[in-house]
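K.L.:
My questions are about this predicted structure, shown below with the sequence.
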Amino acid sequence: MRKRIIAGNWKMYKTPRESVDFVAKFLPMIHDHTRDEIVLFPTSTSLSHVIEAVKGSNVRAGAQTMHWLNEGPYTGQTSPTMLASIHCTHVLLGHSERRMYAHETDDMVNWKLKAALLHGLTPVVCVGESLEKRQSGLTEAVLRWQIACALNGVEPESSAALVIAYEPIWAIGTGSTATPNQAQEAHAIIRREIAATLGSARAESTRILYGGSVKPENTATLMAQPDIDGALVGGASLDPDTFCRIVKYQTA
Ligand code: PGA
């Protein structure tokens, strides 16, 4: 049984004060929720505040990106050891906005993934095709390539913490969510590719989250798919009431 993860990616929203206010409202709403793991990904200036605010609760906090090296002359970067030192538990890697605006390559995602695993961080590796690639019939090729690159040289024994997020670029922040069938199909491709690289046991235990315009209204039908093991939520995670409704989705 794969325990589902419902995660909120706050992107470049919320000051530390706004982040802590969110947590203060959100924790009492979900304090007895044990069915799924809940993770928040605040922006870097809010991260340590959120880690402090969720201490002792059923909510974890992660970073939206990191460098793969421990230290060095890399202005603006944060290292895996620095994240671990503030008790950060999770890290998003290769989000399409990072790939697009910060020019993160498949190689960098691979180096970051290895560094995260080495430092005991739970990596959430984001993959997904553009609308152009989907319309050209290249969805499977893109997903297999991104997964193969990310997992290059990763050992099955050291990748128990691995989490993948399937985020079709055309669904992110657009309001047009992938249909449950489209998402299931992509998740199955990803799981097959994990099996090809890390073996079927690791593929069976790896959580694959769906992201891209997840809302309270569409969460349950997405989560009902056999290969969807949670959600990575952007816009709809910014409001505690809305995010709580997503966390507490009920399948039929
Ligand atoms: P969205 O973003 O839910 O606003 O579409 C998802 C994400 O980018 O992780």
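P.N.:
Received, thanks.
K.L.:
going forward, measure contacts between C-alpha atoms and count neighbours the same way
P.N.:
Will do.
K.L.:
in the stretch 51-200 of the chain, which spans are strands?
P.N.:
In the stretch 51-200 of the chain, the strands defined using DSSP state E, counting those that start in this stretch lie at 59-63, 90-93, 122-127, 163-166.
K.L.:
can you list those in JSON lines and add mean pLDDT and distance to residue 142?
P.N.:
Converted to JSON lines, these look like this (pLDDT from 0 to 100; distance: least, C-alpha to C-alpha, whole Å):
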{"stretch": "strand 59-63", "mean pLDDT": "98", "distance to residue 142": "25"}
{"stretch": "strand 90-93", "mean pLDDT": "98", "distance to residue 142": "17"}
{"stretch": "strand 122-127", "mean pLDDT": "98", "distance to residue 142": "9"}
{"stretch": "strand 163-166", "mean pLDDT": "98", "distance to residue 142": "12"}
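K.L.:
Residue 83 is nearest to which of the ones you listed?
P.N.:
Ranking those by proximity to residue 83 (C-alpha to C-alpha) places strand 59-63 first, at 7.6 Å.
K.L.:
In its sheet, which strands sit next to that closest one, and in what direction?
P.N.:
strand 37-41 (parallel), strand 90-93 (parallel) (DSSP bridges).
K.L.:
re earlier: including mean neighbour count and distance to the ligand, could the strands of the stretch 51-200 of the chain go into TSV?
P.N.:
TSV is the format used below for these (neighbours: other C-alpha atoms under 10 Å; distance: least, C-alpha to the nearest ligand atom, whole Å):
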stretch	mean neighbour count	distance to the ligand
strand 59-63	25	13
strand 90-93	26	9
strand 122-127	26	8
strand 163-166	24	8
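K.L.:
what would these look like in TSV with distance to residue 237?
P.N.:
As requested, those are exported to TSV (distance: least, C-alpha to C-alpha, whole Å):
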stretch	distance to residue 237
strand 59-63	13
strand 90-93	15
strand 122-127	17
strand 163-166	16
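K.L.:
if I look at the residue in the stretch 1-150 of the chain positioned nearest to the ligand, how far off is residue 100?
P.N.:
Residue nearest to the ligand within the stretch 1-150 of the chain: residue 9 (5.5 Å; C-alpha to the nearest ligand atom). Note on residue 9: its distance to residue 100, by C-alpha to C-alpha, to the nearest Å, is 17 Å.
K.L.:
quick one: residue 57 from residue 35, how far?
P.N.:
Using C-alpha to C-alpha, residue 57 is found at 14 Å from residue 35.
K.L.:
I misspoke; the intended subject was residue 59.
P.N.:
Residue 59 sits 12 Å away from residue 35, going by C-alpha to C-alpha.
K.L.:
Please, where are all the helices along the stretch 151-252 of the chain?
P.N.:
180-198, 200-205, 216-223, 240-247 (DSSP state H, counting those that start in this stretch).
K.L.:
hang on, the residue of the stretch 1-150 of the chain closest to the ligand packs against residue 236?
P.N.:
No. Assessed by C-alpha atoms under 8 Å, residue 9 is found out of contact with residue 236, at 9.2 Å.
K.L.:
picking up where we left off before, nearest to residue 51, of the strands paired with strand 59-63?
P.N.:
The nearest among the strands paired with strand 59-63, by C-alpha to C-alpha, is strand 37-41 at 9.3 Å.
K.L.:
what residue lies at the spatial centre of the chain?
P.N.:
Nearest to the mean C-alpha position of the chain, by C-alpha atoms, centre = their mean, lies residue 124 at 4.2 Å.
K.L.:
which residues does that residue bridge with?
P.N.:
Note on residue 124: beta-bridge partners residue 92, residue 163, judged by DSSP bridges.
K.L.:
Could you dump the strands paired with strand 59-63 into CSV with distance to residue 204 added?
P.N.:
What follows is these, written out as CSV (distance: least, C-alpha to C-alpha, whole Å):
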stretch, distance to residue 204
strand 37-41, 18
strand 90-93, 21
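K.L.:
Show me the one of these that comes nearest residue 175.
P.N.:
Here strand 37-41 is closest among these (C-alpha to C-alpha), at 20.5 Å.
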